[in-house]
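1. Show me how the following folds:
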Amino acid sequence: MGTHLGLSPEERHEQVQRIIDVLPYDDRLILAGDFNFELNTQNYLGIVKYLRDGLMVLDQAPASTFPADHPDRRIDYIFIGKNIEVVKSAGFYYSEIISASDHQPQTLHFR
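-> From the prediction side, this is the model:
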């Protein structure tokens, strides 16, 4: 599943609640996208009740993703079900990305 949540806190809260309401029970689920919230916020904690933060599984500090030209915060996530095994994650920075997106990409290798 992919998503891009809104900019206002009220809109994001409602969107997160709707996502949680429709989450299928599937331990192999992947939910990724631009969530426009940071780690340990109410919305983040709501989602991690049901899914794991895939980039935190390996006990690494995931890279900041926004803004692309000088990332100073992480607002993009890859949430995963409990039966997904994380093999590795990789963060990278390419200066050319800022012409394609206002976010830096994230990668997660899993099985």
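2. Could you find the closest non-adjacent residue to the residue nearest the centre of the chain?
-> Central residue of the chain (C-alpha atoms, centre = their mean): Tyr77, 0.9 Å from the mean position. Nearest non-adjacent residue to Tyr77, counting by C-beta to C-beta, 6 or more residues apart in numbering: Phe35, 5.4 Å away. C-beta: built from backbone N, CA, C; applies to glycine.
3. residues touching the one you found, list them.
-> Neighbouring residues of Phe35 by C-beta atoms under 8 Å, 6 or more residues apart in numbering: 3, 5, 12, 43-44, 47, 75-77.
4. Three-state assignment for the residue nearest to the centre of the chain, please.
-> strand (DSSP: H, G, I helix; E, B strand; the rest coil).
5. what separates it from Leu39, distance-wise?
-> 9 Å (C-beta to C-beta, to the nearest Å).
6. With Ala32 instead?
-> 16 Å.
7. Next: Pro9.
-> 16 Å.
8. Same check on Ala100?
-> Distance from Ala100 to Leu39, by C-beta to C-beta: 25 Å.
9. Those two: which has the busier surroundings?
-> A direct count of neighbours by other C-beta atoms under 10 Å for Ala100 and Leu39 places Leu39 higher, at 15 against 10.
10. just checking, that one touches Arg74?
-> Yes: using C-beta atoms under 8 Å, Leu39 is in contact with Arg74, at 6.4 Å.
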